[in-house]
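Student: sequence isn't available, so here's the structure alone:
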């Protein structure tokens, strides 16, 4: 008898990834309804810049050709949440930008205020290349690392079903 699990004909890994990305949509939808983040909540959202449906300014794609992280905290506007993507206005070096990000492009979602994080499988199965944060404009306290993205997160949810090749 073999210890290998049988190949599933049901794409459980894809179903779980889709469900976890729906968490991001629901959280953003609640923020969009209120217009501000409650309490000390703030989000770091990492996404693939070349993923289908992503629309960001060209200079950001040039600076972050694979992946970038944006911060939603104080300086964001026009947050619109749809069933398959969200749109938001942010500033980068004092220059306003409009971003459209499909949930399928998101590789990580972190709310460091409550040590909550979700990590998603990268579509091609490779680990993302290390990258700098996008450094979109943030309040001075956040820019100085008060709650930095590098802070340890205690309840990270990572799902990896280890697809067979």
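Tutor: Thanks, I have the structure now. Because the structure is a prediction, the values reported are computed rather than measured.
Student: point to the residue nearest the middle of the chain.
Tutor: For the chain, the residue whose C-alpha lies nearest the mean C-alpha position (CA atoms, centre = their mean) is residue 45; its distance is 2.9 Å.
Student: wait, that residue sits on residue 108?
Tutor: Yes. Between residue 45 and residue 108 a contact is recorded at 7.4 Å, counting by CB atoms under 8 Å. Glycine gets a C-beta too; all of them are placed from N, C-alpha and C.
Student: pull up the pairing partners for the helix or strand that contains the residue nearest to the centre of the chain, direction included.
Tutor: For residue 45, the element it lies in under DSSP states H and E is strand 43-48. Strands adjacent to strand 43-48 in the sheet, as given by DSSP bridges, are strand 67-72 (antiparallel), strand 106-111 (antiparallel).
Student: other residues contacting that strand?
Tutor: Taking CB atoms under 8 Å, 6 or more residues apart in numbering as the criterion, the residues outside strand 43-48 that touch it are 24, 27, 37, 54, 66-73, 101, 105-112, 122-123, 128, 133, 149.
Student: and if we set it to 6 Å?
Tutor: 67, 69-72, 101, 105-111, 149 (CB atoms under 6 Å, 6 or more residues apart in numbering).
Student: let me know the closest of those to residue 7.
Tutor: Out of these, the one with the shortest distance to residue 7 is residue 107. That distance is 25.5 Å, counting by CB to CB.
Student: ok so, going back, make a markdown table from the strands paired with strand 43-48 and add mean pLDDT, mean neighbour count and distance to residue 84 to it.
Tutor: Putting the strands paired with strand 43-48 into a markdown table (pLDDT from 0 to 100; neighbours: other CB atoms under 10 Å; distance: least, CB to CB, whole Å) gives the following:
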| stretch | mean pLDDT | mean neighbour count | distance to residue 84 |
| --- | --- | --- | --- |
| strand 67-72 | 95 | 22 | 18 |
| strand 106-111 | 96 | 21 | 11 |
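Student: out of those, flag the one nearest residue 59.
Tutor: strand 67-72 (11.7 Å).
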